[in-house]
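Novice: I need the structure of the sequence given here:
(chains A, B and C)
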Amino acid sequence: METPRGFRIIPEYLSPAAQAALVETLRGIVAQAPFFRPVMPGNGRPFSVEMTNAGPLGWVSDRAGYRYQPMHPVTGEAWPAIPDSILDAWGDLTGYPSPPECCLINLYRGEKAKMGLHRDADEEDFDAPVLSFSLGDTATFRLGGATRRGPTKAVTLHSGTALILGGDSRMAYHGISKVMPGTSRLLTGGGRLNLTLRRVTKPVPGIESPRKAVP
DNA sequence: TAGTGCCT
DNA sequence: ACAA
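Specialist: Modelled structure (predicted):
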């Protein structure tokens, strides 16, 4: 298949030291917002991955549907803040003028943990790219096209790899078809973490919303 | 249809 | 393909 122009993959974007530091930060986030297992809308079938979020809005799924919401579905607490290092990476890699509002954290444990073909379509803003980072065990990512059926391309994601779905690939179907247990020692107890950053609401025109004051 | 489970 |  022809690779879309807005699709970018940056192997080793995060150094081993940066990965270790990020995992440490994520430990704090997970302590505040524990992983939960979402279920499918309607039939209530459980996901094979566990999830939590950081940022003003978190992505959740339950029998009622997919949505973004400001609180953890189990604890009712607000999501923790997105780490500064991740916000910096968003600016660096996307150049998008507004910050991401959701950092979805997916945990893949064991051979059965997968993510079927889907597309990120619950946002209001489809202009912003989707940025994601891989941590821990190596995985096979599949990139499809504009429909759920049709050919897909396999992309291997190692720990530290950054991936961007932007432009003509923003609405492409994609998923994780396989995770190879034991291929990384980054996470205690093994497994794979994926961080997905998204802008959810449309930025208000004229507001650049920098998070650091300009001296 | 962000699900599983066959089959080729 | 499935079946809600």
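Novice: Close to DNA strand B: what parts of chain A are there?
Specialist: For chain A, the residues in contact with DNA strand B (Cβ under 7 Å from any atom of the strand) are A:40-42, A:45, A:47-49, A:59, A:61, A:66, A:104, A:112, A:114-122, A:148, A:175. Using the backbone N, CA and C atoms, a C-beta is placed for each residue, glycine as well.
Novice: Could you tell me the end-to-end distance of stretch A:131-144?
Specialist: Terminal residues of stretch A:131-144 are spaced 17 Å apart (Cα to Cα, to the nearest Å).
Novice: can you give me how far it is from the chain middle?
Specialist: 9 Å (Cα atoms, centre = their mean, to the nearest Å).
Novice: Pull out the buried positions in it.
Specialist: A:131-139, A:141-144 (16 or more other Cβ atoms under 10 Å).
Novice: got it, and stretch A:173-187?
Specialist: A:173-176, A:179, A:181, A:184, A:186-187.
Novice: Repeat that for stretch A:71-88.
Specialist: Buried residues in stretch A:71-88 (16+ other Cβ under 10 Å): A:72, A:79-80, A:82-83, A:86-87.
Novice: what does the average pLDDT come to for it?
Specialist: Predicted confidence along stretch A:71-88 averages 98 (mean pLDDT).
Novice: And stretch A:176-187, by the same measure?
Specialist: 95.
Novice: What is the nearest of the buried residues of stretch A:71-88 to residue A:11?
Specialist: residue A:86 (18.1 Å; Cβ to Cβ).
Novice: Quickly find the element holding the residue of chain A found nearest DNA strand B.
Specialist: Taking Cβ to the nearest atom of the strand as the measure, chain A has residue A:116 as its residue closest to DNA strand B, at 1.7 Å. Per DSSP states H and E, residue A:116 falls inside strand A:115-118.
Novice: Against which helices or strands is that strand packed?
Specialist: Contacts defined by 3 or more Cβ pairs under 8 Å, 6 or more residues apart in numbering; DSSP states H and E place strand A:115-118 against strand A:174-179.
Novice: at 10 Å what do you get?
Specialist: With contacts defined as 3 or more Cβ pairs under 10 Å, 6 or more residues apart in numbering; DSSP states H and E, strand A:115-118 has these neighbours: strand A:139-143, strand A:174-179.
Novice: buried set for it?
Specialist: In strand A:115-118, counting by 16+ other Cβ under 10 Å, buried: A:115, A:117.
Novice: Check stretch A:198-209 too.
Specialist: Buried, per 16+ other Cβ under 10 Å, within stretch A:198-209: A:198-200, A:203.
Novice: Please apply the same query to stretch A:32-52.
Specialist: A:33, A:36, A:38, A:47-52.
Novice: What is the nearest of these to residue A:14?
Specialist: Closest approach between the buried residues of stretch A:32-52 and residue A:14, by Cβ to Cβ: residue A:52, at 19.5 Å.
Novice: Kindly indicate whether that closest one is helix, strand or coil.
Specialist: Following DSSP: H, G, I helix; E, B strand; the rest coil, the label given to residue A:52 is strand.
Novice: Next, the contact list for the closest residue to residue A:13 other than its chain neighbours, please.
Specialist: Excluding its sequence neighbours, the residue lying closest to residue A:13 (Cβ to Cβ, 6 or more residues apart in numbering) is residue A:162, at 3.8 Å. Neighbouring residues of residue A:162 by Cβ atoms under 10 Å, 6 or more residues apart in numbering: A:8-14, A:89, A:92-93, A:131-134, A:195.
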